[in-house]
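>>> structure, please.
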Amino acid sequence: MIKKILTRILVLLILSGILIACGREKPNQVYYPLKNDTWHRFNILKFDLPIRKDMGSVDVYFTVEVTKEYEYDNLDFNMVMNTPSGEERINAFQVKIKSGTGSFLGSYHGDSCGYQMPLKKDLSLSVPGTLSIEIENLNPRIETRGISGVGILLVPSGK
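All right, here's what the predicted structure looks like:
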């Protein structure tokens with residue numbers, strides 16, 4: 001009798017966990033792996049992210065993966081963001097990649113190191129459509145070696 005009750009409780013807990021996990025809103029992300037771990041100076045990356053009417057406010061993050069071949073302390077880039085409502089935002093950013101001693105500051109994933117930084121917090125997106133973001137490498141070199149990929153991540157605000 002007790003075994004049946006415990007089995008039913010276990011089944012209910014598992015089903016509840018599945019329902020809760022399925023109800024969570026998953027992050028919206030676009031990621032570009034870069035050929036030969038190199039970002040060419042004039043290769044402006046364009047990210048188009050679908051926006052639903054019910055999305056509310058989101059936090060927009062820039063993500064980048066670098067390899068040990070990355071030789072600079074920072075990664076400078078320019079962002080142009082166009083919201084579905086027609087608003088345009090333009091900003092220059094800098095990601096701190098290495099410490100003053102030359103060690104990488106991000107979190108390691110195998111042979112690469114990942115970084116994430118906010119581009120815009122609490123961006124209100126009440127109009128459905130496409131959030132377009134262009135990212136331009138501002139390194140003055142024609143090729144920036146050691147960058148394996150760049151991405152944009154949308155996360156519901158407050159999470």
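>>> so what's residue 67 up against?
37, 111, 112, 113, 146, 147, 148 (Cβ atoms under 8 Å, 6 or more residues apart in numbering). Every residue, glycine included, has its C-beta placed from N, CA and C.
>>> swap the cut-off to 10 Å and go again
Taking Cβ atoms under 10 Å, 6 or more residues apart in numbering, we find residue 67 in contact with 37, 104, 110, 111, 112, 113, 145, 146, 147, 148.
>>> now the helices for this protein?
2-23 (DSSP state H).
>>> for it, what helix or strand is lowest in average pLDDT?
Sorting the helices and strands of the chain by mean pLDDT, DSSP states H and E puts helix 2-23 at the bottom, at a mean of 37.
>>> could you count how many residues lie near residue 141?
Neighbour count for residue 141, taken as other Cβ atoms under 10 Å: 12.
>>> for it, give its distance to residue 133.
Distance of residue 141 to residue 133, computed by Cβ to Cβ, to the nearest Å: 23 Å.
>>> list the beta-bridge partners for residue 104.
Counting by DSSP bridges, residue 104 is bridged to residue 98.
>>> show me what contacts it?
66, 67, 68, 70, 97, 98, 112, 113, 114, 115.
>>> same thing with residue 61?
27, 29, 115-121, 151-155.
>>> for these, give me a markdown table that also has distance to residue 52 and pLDDT.
Below are these laid out as a markdown table (distance: Cβ to Cβ, whole Å; pLDDT from 0 to 100):
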| residue | distance to residue 52 | pLDDT |
| --- | --- | --- |
| 27 | 14 | 57 |
| 29 | 15 | 90 |
| 115 | 28 | 95 |
| 116 | 23 | 94 |
| 117 | 25 | 95 |
| 118 | 21 | 96 |
| 119 | 20 | 96 |
| 120 | 18 | 95 |
| 121 | 20 | 95 |
| 151 | 20 | 97 |
| 152 | 17 | 97 |
| 153 | 16 | 96 |
| 154 | 11 | 94 |
| 155 | 15 | 93 |
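>>> only whichever of the residues you listed are buried, select them in PyMOL.
Selection of buried members from the contacts of residue 61 for PyMOL, criterion 16 or more other Cβ atoms under 10 Å:
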select buried, resi 115+119+120+151+152+153+154+155
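>>> may I see the contacts of residue 61 organised as CSV, with distance to residue 93 added?
Below are the contacts of residue 61 laid out as CSV (distance: Cβ to Cβ, whole Å):
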residue, distance to residue 93
27, 20
29, 18
115, 11
116, 12
117, 7
118, 10
119, 7
120, 11
121, 14
151, 14
152, 12
153, 15
154, 17
155, 17
